[in-house]
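1. here is a sequence together with a model predicted from it:
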Amino acid sequence: MLPESIISFLSESARAARTTIPDEHTSLFTSGLLDSFSLVEFVSLIESECGIRVSDSELKPENFDTIARIETFIERARMKEVA
């Protein structure tokens, strides 16, 4: 599950887009919650809140397209940090 601060970011983005947070498998980009500009801010938040680093090669929309993909990405990144 995503930290509350990340959910808050998505909730604020949803309000700005006049929509709701989609289910875990619906695109955050298609639903208007994220775009290429907000992705950078969103990834910075994920890094600080989850204690991970996102490399330039990992900074691509498909890693952050859905809530499920974000959770998987964070889990993988945490495992890499421990290894």
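-> Thanks, I have it.

2. do a quick rundown of the helices in this structure.
-> Listed in chain order, the helices of the chain (DSSP state H) span 4-16, 36-50, 67-82.

3. name the residues that touch the second one?
-> In this structure, residues lying in contact with helix 36-50 by CB atoms under 8 Å, 6 or more residues apart in numbering are 3, 5-6, 9, 13, 34, 52-54, 59, 61, 64, 70, 74, 77-78. Backbone N, C-alpha and C define where each C-beta goes, glycine included.

4. give the residue spans of this structure that score low on pLDDT.
-> Applying pLDDT under 70 to the chain picks out residues 83.

5. could you export stretch 65-76 as CSV, CA atoms only?
-> The C-alpha coordinates for stretch 65-76 follow below in CSV (Å, rounded to 0.1, in the frame of the first residue of the first chain):
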residue,chain,number,x,y,z
ASP,A,65,1.2,4.4,-14.9
THR,A,66,-1.0,2.7,-12.4
ILE,A,67,-1.2,2.4,-8.6
ALA,A,68,-0.4,-1.3,-8.9
ARG,A,69,2.7,-0.6,-11.0
ILE,A,70,3.9,2.1,-8.6
GLU,A,71,3.5,-0.4,-5.7
THR,A,72,5.4,-3.0,-7.6
PHE,A,73,8.1,-0.5,-8.5
ILE,A,74,8.6,0.6,-4.9
GLU,A,75,8.7,-3.0,-3.7
ARG,A,76,11.4,-3.8,-6.3
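
6. picking up where we left off before, farthest-apart pair in the contacts of helix 36-50, please.
-> 13 and 78 (23.8 Å; CB to CB).
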